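Visitor: give me the fold of what follows.
(chains A and B)
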Amino acid sequence: MRMRNVVATLGVAALALSVGACGKDDTAAGGGGGSTTGSCGEPHKFTVAPAADVAGSATYTKIKARGHAVVGVKADQPNLGYKDANGKRCGFDIEIAQMVSAQLGFDPAQIEYKEIPSANRETAIAGGEIDYYVGTYSITDKRKKLVGFAGPYFIAGQDLLVRKSDTSMDAGKDALKGKKVCSVTGSTPIQKVKDENLTEASNISEFKTYSECVSQLLDKKVDAVTTDDAILKGYAANAPDDLRVVGKPFSTEKYGIGVPLADKALREKINAGLETAGTDGTWKSIYDETLGKSGSAGTQPPVEKY
Amino acid sequence: MLSVLTDNWELFRDGFWTTIKLFVVSGLLSLVLGTVLAGFRVSPVPALRAIGTGYVNILRNTPLTLVFAFLVFGAPKMGIELPSYFWSAIVALTVYTSAFVCEVVRSGINTVSPGQSEAARAVGMTFLQVLGIVVLPQAFRAIQPPLMSVMIALLKNTTIAAGFSVLEAGAIPAAIAERGENQMLTLVWITIGFLILIIPLVFLQRWAERRTAVAA
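Guide: You can find the predicted model right below:
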């Protein structure tokens, strides 16, 4: 009897793991309470530029010798950086990564993706583990000392994801007092909640992935998930009947493409490519196919050269 | 190098303080539960022996992350509510570690000569008296090194709680990376922090070994 009970509870634990998408690969596999996942459609087709030389770029030389780019990405952010159950990758950031690869003259289909958690991004770029990183990577002055940033290619803002029927936080961040808030462990959004004292310390929960927070939100263990609206829209777009984004952003996050600090040549090459994507309509078509599905319009921010 | 520590001092302080609380509370609880389970495993009652064996074999073979995930994501769906994520972590660490403590204590019990408990029974002691007064004190002398290894493993295992909304030392790197600090230096400081926590345990073990040593 007792054995059977324990076996049953372990079964539930396994289910919880798959819902929460724990473990090393953060792949947000579907299951249980997870109306938050989806599968990837057909990838965008990019025209591969004739292989040009990026003078003075050590990274480009490495990519050329290898024949394909190694790109750091996220895998658990629906419509941004996502890997579906079949192992296909899609989303806004993935397509930006493919566009950059094509502009450098390498077939996007051959990109080798590496899932790098936020905390390890600087180490992975500095250590040469990846050539460049595209994954909701906010450009900040402190990070500029550790990595180079091309872009921004998108401007996001911190917002709140709530259950659809819950209108108590419609005023935005000032309505958070007394509410249970969830975000990723140590992330900038949760540090902002703490620094600005938006809710009580005991009401803050932090998990490894946003998928786990969303699972807690659907279970009514927390009242709001907070991070950049781009990420939240991705979840809301997959579960429009249960979740919605409040829509009162209270920060500005400029997403950049992380490249090695010393590689100014590569940074300038990618910047030029982003500008081209703005004028020839590539950026807009990428946006419309991914985040644009949430119904909100998007415009490309001007590239910052430094 | 020092600025990473001083600029983020409150993170290190709070993180390691939570680590210490997790370690001390779940360490003590798993010592008690592990010893009770070891008692189950050597008891004359077959049902208790079966419970002890089943517990140890299941918990010892389940990854700790899975135990955490069950308590945080699975248990609430079954109506089992713990007061906070901190207590979920305490329960997860305790039920997991006590399986290992149980086996260490049982191996210690096996080192005590059967003549000891036979003699104790002959003078009319009950099973609990035999275990508590005669066998366990001798067993604990033999198991100090492996028991301390289990405790040091527990100290390191506390870092898993970082993934389940308990902000201990394992959660420090994520927060510091977001602040744009050097990750390598962060990890160096965390390693130093753990060394500082482990060294007293090593001395405690040496002290206990000397205290309980038998004259040759």
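Visitor: which neighbouring elements make contact with the helix ranked longest in chain B?
Guide: Identified as the longest helix of chain B according to DSSP state H is helix B:9-42. Helix B:9-42 sits against helix B:46-60, helix B:85-111, helix B:144-157, helix B:172-178, helix B:183-212, with contacts defined as 3 or more Cβ pairs under 8 Å, 6 or more residues apart in numbering or on different chains; DSSP states H and E. Backbone N, C-alpha and C define where each C-beta goes, glycine included.
Visitor: make CSV out of those and add distance to residue B:136 and mean neighbour count.
Guide: Shown next, in CSV, are the helices and strands packed on helix B:9-42 (distance: least, Cβ to Cβ, whole Å; neighbours: other Cβ atoms under 10 Å in any protein chain shown):
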stretch, distance to residue B:136, mean neighbour count
helix B:46-60, 15, 15
helix B:85-111, 7, 22
helix B:144-157, 12, 18
helix B:172-178, 39, 24
helix B:183-212, 12, 14
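Visitor: considering those, which stretch scores lowest in mean pLDDT?
Guide: For those, mean pLDDT drops lowest on helix B:172-178, to a mean of 84.
Visitor: can you tell if that helix touches chain A?
Guide: Yes: Helix B:172-178 lies within reach of chain A by Cβ under 8 Å from any Cβ of the partner chain, at B:172-178.
Visitor: what is the neighbour count of the closest residue to residue B:107 other than its chain neighbours?
Guide: Once flanking residues are discounted, residue B:107 sits nearest to residue B:143: 6.7 Å by Cβ to Cβ, 6 or more residues apart in numbering or on different chains. For residue B:143, the neighbour count with other Cβ atoms under 10 Å in any protein chain shown is 21.
Visitor: for residue B:143, which residues are in contact?
Guide: B:104-105, B:107-108 (Cβ atoms under 8 Å, 6 or more residues apart in numbering or on different chains).
Visitor: what parts of chain B come near chain A?
Guide: Counting by Cβ under 8 Å from any Cβ, chain B sits next to chain A at B:51, B:54, B:58, B:62, B:65-67, B:69-70, B:72-74, B:76-78, B:84-85, B:162-165, B:167, B:171-184.
Visitor: about what we covered before: residue A:157: which of the contacts of residue B:143 is nearest?
Guide: residue B:104 (53.3 Å; Cβ to Cβ).
Visitor: assess the claim that that closest one and residue B:148 are in contact.
Guide: No: using Cβ atoms under 8 Å, residue B:104 is not in contact with residue B:148; the gap is 9.7 Å.
Visitor: joint contacts of the two?
Guide: If you check residue B:104 and residue B:148 against Cβ under 8 Å, 6+ apart, no residue is contacted by both.
Visitor: one step back: look up how far residue B:56 lies from the residue nearest to residue B:107.
Guide: For residue B:143, the distance to residue B:56 (Cβ to Cβ, to the nearest Å) stands at 15 Å.
Visitor: same check on residue B:151?
Guide: Distance from residue B:151 to residue B:56, by Cβ to Cβ: 17 Å.
Visitor: swap in residue B:137?
Guide: Distance from residue B:137 to residue B:56, by Cβ to Cβ: 23 Å.
Visitor: cool, and residue B:120?
Guide: Counting by Cβ to Cβ, the gap from residue B:120 to residue B:56 is 25 Å.
Visitor: one more: residue A:126?
Guide: For residue A:126 relative to residue B:56 (Cβ to Cβ), the value is 45 Å.
Visitor: over to residue A:155?
Guide: With Cβ to Cβ as the criterion, residue A:155 and residue B:56 are 55 Å apart.
Visitor: now residue B:201
Guide: 24 Å.
Visitor: over to residue B:37?
Guide: Distance, residue B:37 to residue B:56, by Cβ to Cβ: 7 Å.
Visitor: identify the contacts common to those two.
Guide: Joint contacts of residue B:37 and residue B:56 (Cβ under 8 Å, 6+ apart) are B:99, B:102.
Visitor: what about the spatially closest residue to residue A:140 that is not a sequence neighbour, how many neighbours?
Guide: When the adjacent residues along the chain are set aside, residue A:140 lies closest to residue B:180, with 5.7 Å between them (Cβ to Cβ, 6+ apart). Residues contacting residue B:180 under the criterion other Cβ under 10 Å number 18.
Visitor: check residue B:180 and give its pLDDT.
Guide: Checking the pLDDT column for residue B:180, the value is 74.
Visitor: so it is in contact with residue A:138, correct?
Guide: No: if you go by Cβ under 8 Å, residue B:180 and residue A:138 don't touch, sitting 9.8 Å apart.
Visitor: so what's residue A:44 up against?
Guide: A:95, A:98-99, A:285-286, A:289.
Visitor: ok, these vs residue B:188, which is closest?
Guide: Distances from residue B:188 to the contacts of residue A:44, taken by Cβ to Cβ, are shortest for residue A:98, at 37.0 Å.
Visitor: residue A:185 versus the closest one, what's the distance?
Guide: Taking Cβ to Cβ, one finds residue A:98 at 29 Å from residue A:185.
Visitor: ok, residue A:99 next?
Guide: 31 Å.
Visitor: between these two, which one's more packed in?
Guide: residue A:185 (27 against 24).
Visitor: pop out the phi and psi values for the closest residue to the more buried one other than its chain neighbours.
Guide: Distances taken as Cβ to Cβ, 6+ apart place residue A:206 nearest to residue A:185, at 4.2 Å, with adjacent residues excluded. The phi and psi torsions at residue A:206 (degrees, to the nearest 10) take the values phi -130, psi 130.
Visitor: with residue A:78 instead?
Guide: phi -50, psi 140.
Visitor: for it, grab the count of nearby residues.
Guide: For residue A:78, using other Cβ under 10 Å, the count is 27.
Visitor: right, and it touches residue A:239 too?
Guide: No: with contact defined as Cβ under 8 Å, residue A:78 does not count as touching residue A:239 (9.3 Å).
Visitor: and stretch A:141-155, anywhere near chain B?
Guide: Yes: using Cβ under 8 Å from any Cβ, we find that stretch A:141-155 touches chain B at A:141-143, A:145-146.
Visitor: distance of residue B:120 from residue B:109?
Guide: 13 Å.
Visitor: typo on my end, residue A:183
Guide: From residue A:183 to residue B:109 the distance is 48 Å (Cβ to Cβ).
Visitor: the stretch 51-200 of chain A: strands as residue ranges?
Guide: In the stretch 51-200 of chain A, the segments counted as strands under DSSP state E, counting those that start in this stretch are A:70-73, A:76-77, A:81-83, A:89-90, A:112-115, A:132-133, A:147-156, A:158-163, A:181-184.
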